[in-house]
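In: sequence first, predicted coordinates after that:
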Amino acid sequence: MPKRHPDKPRYQREPEAPAQPEVPRNRIAADLSRQAPNNSYSPPTFYEDMPFTCVDCGAEELWTAEQQKWWYEEAKGPVQSTAVRCRACRQARRETHQGTPRRPHVERRKEDA
Ligand SMILES: [Zn+2]
């Protein structure tokens, strides 16, 4: 909760000040033209440091605006995807897969009649 300032008259405050987090978060503008193609989903117009909990180990981690920009605009990650694993768990998974994502063998059967 933001601290209130009872000594400051109400009219001197910002009339529509949104509830700001106590720690100002880094925020950078998004380059929409560089994001992966998406249709119905409204893409983010900016990236903002986003705390999240790792799904593997439960650690609190911060997905920074810079990391998001890289993910959406360099790695072309889907705009609806967000970070779910902390750095350590991502690294552990990468080492398990030895750098290459494991691709399941998909047997495509021809279903020609
Ligand atoms: Zn983790």
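Out: Everything's here; your move.

In: residues touching P44, list them.
Out: 30, 68, 72, 79 (Cβ atoms under 8 Å, 6 or more residues apart in numbering). Every C-beta, even on glycine, is put in place using the N, C-alpha and C of the backbone.

In: dump these to CSV, plus neighbour count and pLDDT.
Out: Formatted as CSV, the contacts of P44 follow (neighbours: other Cβ atoms under 10 Å; pLDDT from 0 to 100):
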residue, neighbour count, pLDDT
A30, 18, 94
Q68, 21, 95
Y72, 23, 94
V79, 18, 87
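
In: is it possible to get JSON lines of those that adds secondary structure and distance to H97?
Out: Shown next, in JSON lines, are these (DSSP: H, G, I helix; E, B strand; the rest coil; distance: Cβ to Cβ, whole Å):
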{"residue": "A30", "secondary structure": "coil", "distance to H97": "29"}
{"residue": "Q68", "secondary structure": "helix", "distance to H97": "23"}
{"residue": "Y72", "secondary structure": "helix", "distance to H97": "22"}
{"residue": "V79", "secondary structure": "coil", "distance to H97": "25"}
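
In: can you pull out the helices in this protein?
Out: Along the chain, counting by DSSP state H, helices occupy 65-69, 87-96.

In: quick one: buried residues of the shortest one?
Out: To tie it back to what came earlier, the one meant is helix 65-69. Buried residues in helix 65-69, counted by 16 or more other Cβ atoms under 10 Å: 65, 68-69.

In: check the residues you listed against the ion, which are close?
Out: For the ion, no contacts are drawn from the buried residues of helix 65-69 by Cβ under 5 Å from the ion.

In: just name the closest of those to the ion, please.
Out: Q68 (18.0 Å; Cβ to the ion).

In: distance of I28 from R85?
Out: Here the criterion is Cβ to Cβ, to the nearest Å. By it, I28 lies 22 Å from R85.

In: before we move on, what about H97?
Out: Taking Cβ to Cβ, one finds H97 at 13 Å from R85.

In: so what touches stretch 63-80?
Out: 25-28, 30-31, 34-36, 38, 41, 43-44, 46-52, 81-83.

In: now the buried members of the residues you listed.
Out: Members of these classed as buried by 16+ other Cβ under 10 Å are 30, 35, 44, 47, 49, 83.
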